[in-house]
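Student: Sequence unavailable; structure follows:
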């Protein structure tokens, strides 16, 4: 089978899924493809370029084509839905959020930002405000998933940690966490509630909702 960029990226995503971002090395990738490492540099000059290509592939799964808001759809509802799709794209692969965070040249991510900002501007939101809203939503989403994918502290990290003392020193934090996570409420609910607050909070100051 001929070696091309599409095949290399597909194999790189498969390697990511089994070993995480730290396991995506040119040596391992070349071995999976049955070639020597220098061969990969004909297609990707460095690992940063390869990681950016992986980012594009990850985002492509949820954003194959631009999907602007329907005429009757409120921009707030559309933007909240877009954030949810971005989170699903990142969660679909180990270290998905890390990959996006270290891929500032991702054209897909730039396209998502362009679509979101132009949608808000088209609904009467001033460009400076639209940029801040979109930037906050997208960066919050990536940061939220970064924390999700970091995982819980392991037993070694918790060794010697005094939870009772922590709770006594931070009663409001503990009360807030306990109150929020009533039976049936999940981190999915927390994500959506946070994005709702970001999007709907400034809405009253930014113009019409439609």
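Tutor: Okay, I see it. What you see is a predicted model; the values in this text were computed from it and never measured.

Student: burial of residue 13, as a residue count?
Tutor: 18 (other CB atoms under 10 Å). C-betas here are computed from N, CA, C, even on glycine.

Student: so it makes contact with residue 93?
Tutor: Yes: counting by CB atoms under 8 Å, residue 13 sits close enough to residue 93 to count as a contact (6.8 Å).

Student: Could you tell me which residues touch both of these two?
Tutor: Both residue 13 and residue 93 are in contact with residue 58, where contact means CB atoms under 8 Å, 6 or more residues apart in numbering.

Student: separation between residue 43 and residue 13?
Tutor: 15 Å (CB to CB, to the nearest Å).

Student: And for residue 35?
Tutor: Applying CB to CB, one obtains 17 Å for the distance of residue 35 from residue 13.

Student: now residue 103
Tutor: When CB to CB is the yardstick, residue 103 and residue 13 sit 13 Å from each other.

Student: Common neighbours of these two, please.
Tutor: Between them, residue 103 and residue 13 share these contacting residues under CB under 8 Å, 6+ apart: residue 54.

Student: the helices in this protein, which residues?
Tutor: Chain-ordered helices for the chain, with DSSP state H as the definition, fall at 5-19, 26-33, 37-40, 47-60, 75-91, 96-101, 107-122, 127-150, 155-158, 163-169, 171-180, 187-200.

Student: just for this structure, where's the confidence low?
Tutor: Screening the chain residue by residue with the criterion pLDDT under 70, one finds the ranges 1, 202-210.

Student: where's the residue nearest the centre of it relative to residue 91, distance?
Tutor: Using CA atoms, centre = their mean, the residue of the chain that lies closest to the mean C-alpha position is residue 142, 3.7 Å off. In this structure, residue 142 and residue 91 are 11 Å apart, going by CB to CB.

Student: What are the buried residues along stretch 159-174?
Tutor: Of the residues in stretch 159-174, none are scored as buried under the neighbour-count criterion (16 or more other CB atoms under 10 Å).

Student: And the contacts of that stretch?
Tutor: Residues lying outside stretch 159-174 but in contact with it, judged by CB under 8 Å, 6+ apart, are residue 153.

Student: Between the two ends of it, how far is it?
Tutor: When the termini of stretch 159-174 are compared using CA to CA, to the nearest Å, they are 20 Å apart.

Student: how much distance is there from that stretch to the middle of the chain?
Tutor: The chain centre lies 30 Å from the centre of stretch 159-174; the measure is CA atoms, centre = their mean, to the nearest Å.

Student: and the nearest residue to residue 92 once chain neighbours are set aside, how many neighbours?
Tutor: Once its chain neighbours are removed from consideration, residue 92 has its nearest residue in residue 61; the separation is 6.4 Å (CB to CB, 6 or more residues apart in numbering). The number of residues packed around residue 61, counting by other CB under 10 Å, is 13.

Student: rewinding a little: for the residue nearest to the centre of the chain, list the residues it contacts.
Tutor: 86, 90, 97, 100-101.

Student: Could you double-check that residue 58 sits in contact with residue 100?
Tutor: Yes: under the criterion of CB under 8 Å, residue 58 lies in contact with residue 100, with a separation of 7.4 Å.

Student: what do these two both touch?
Tutor: Common contact partners of residue 58 and residue 100 (CB under 8 Å, 6+ apart): residue 90.

Student: ok, now how distant is the nearest residue to residue 127 once chain neighbours are set aside from residue 38?
Tutor: Spatially, and ignoring its direct neighbours in sequence, residue 127 is nearest to residue 121 (5.6 Å; CB to CB, 6+ apart). From residue 121 over to residue 38 the distance is 46 Å, taken as CB to CB.
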